[in-house]
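[1] Kindly generate the corresponding structure for this input.
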Amino acid sequence: MRIGILQCGQAPAELRQDMGDYPDMFVRLLDGRGFEFRTWDVEAMDFPASVHDADGWLLTGSRHGAYEDHAFIPPLERFIREAYDAAVPLVGICFGHQIIAQALGGTVVKHPGGWSVGTQDYDFDGESVRLNAWHQDQVVALPKDAQVAGRSAFCENAALIYGDRAYTVQAHPEFSDDFIRGLMDKRGQGVVPQDLLDQASDRMGEPKGSASVADRIEAFFKQPRAIARGAA
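    You can find the predicted model right below:
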């Protein structure tokens, strides 16, 4: 199964040499599950010619806000709607989670509660899953087809499922503790409140449930689905 990675941002340059960029992290997360990958750098306006250029699409994180004025956001929203209407499955992580919701009629805001950084505990349909997070924005109003599939005390809409069309997660199953530590150093200092950085440091090393989310992503991509009427 061919998965197209829509790269919506870049990891800090100081971290990419040792840890790779966002597409590399997703390839590692989903390794050994029968997927092949191709990446399009949509942040740089490199878009697929068709939503059928892959069997499924994975949208990465980004330092940008979904509601901000960037050239790549309107065409990305159009692509999301076209893929959704054609029943080509979409998976979104962090910014990907947010932009899919926004493109389909939801609302994303800079959350008044502030940041979520480092190890966080989530409820995924009754299963407790611990994941790394790095975000200030949140989905606060759901598109009509979305249902909550995961939540935390801080983030009510932490995972969303749109039937067999889209599955999205606010947290970062692809982020290691080392990468979070690098973000804290390169992007967090003076931006994220120090007490949150200290709390994140204190929880470094706690086991993560990234494999559980990878299982969910695999199952979502591979589930049987009908071809949408009019799709190629």
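
[2] dump the residue contacts of I161.
    Residues near I161 by C-beta atoms under 8 Å, 6 or more residues apart in numbering: 146-147, 149, 167, 220. In this view, the C-beta of every residue, glycine as well, is placed from N, C-alpha and C.

[3] Please report which of those residues has the highest neighbour count.
    Y167 (25 neighbours; other C-beta atoms under 10 Å).

[4] check contacts around that residue.
    89-92, 149, 159-161, 216-217, 220.

[5] got CSV for these, with secondary structure and pLDDT too?
    Putting those into CSV (DSSP: H, G, I helix; E, B strand; the rest coil; pLDDT from 0 to 100) gives the following:
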residue, secondary structure, pLDDT
P89, coil, 98
L90, strand, 98
V91, strand, 98
G92, strand, 98
A149, strand, 98
A159, strand, 98
L160, strand, 98
I161, strand, 98
R216, helix, 98
I217, helix, 98
F220, helix, 98
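
[6] mind listing the helices in this structure by residue range?
    13-19, 22-29, 73-85, 95-103, 177-183, 194-202, 210-222 (DSSP state H).

[7] now for the fifth one, which elements pack on it?
    Counting contacts by 3 or more C-beta pairs under 8 Å, 6 or more residues apart in numbering; DSSP states H and E, helix 177-183 is packed against helix 13-19, strand 116-124, strand 127-135.

[8] do the first one as well
    Taking 3+ C-beta pairs under 8 Å, 6+ apart as contact, the helices and strands that helix 13-19 lies on are helix 177-183.
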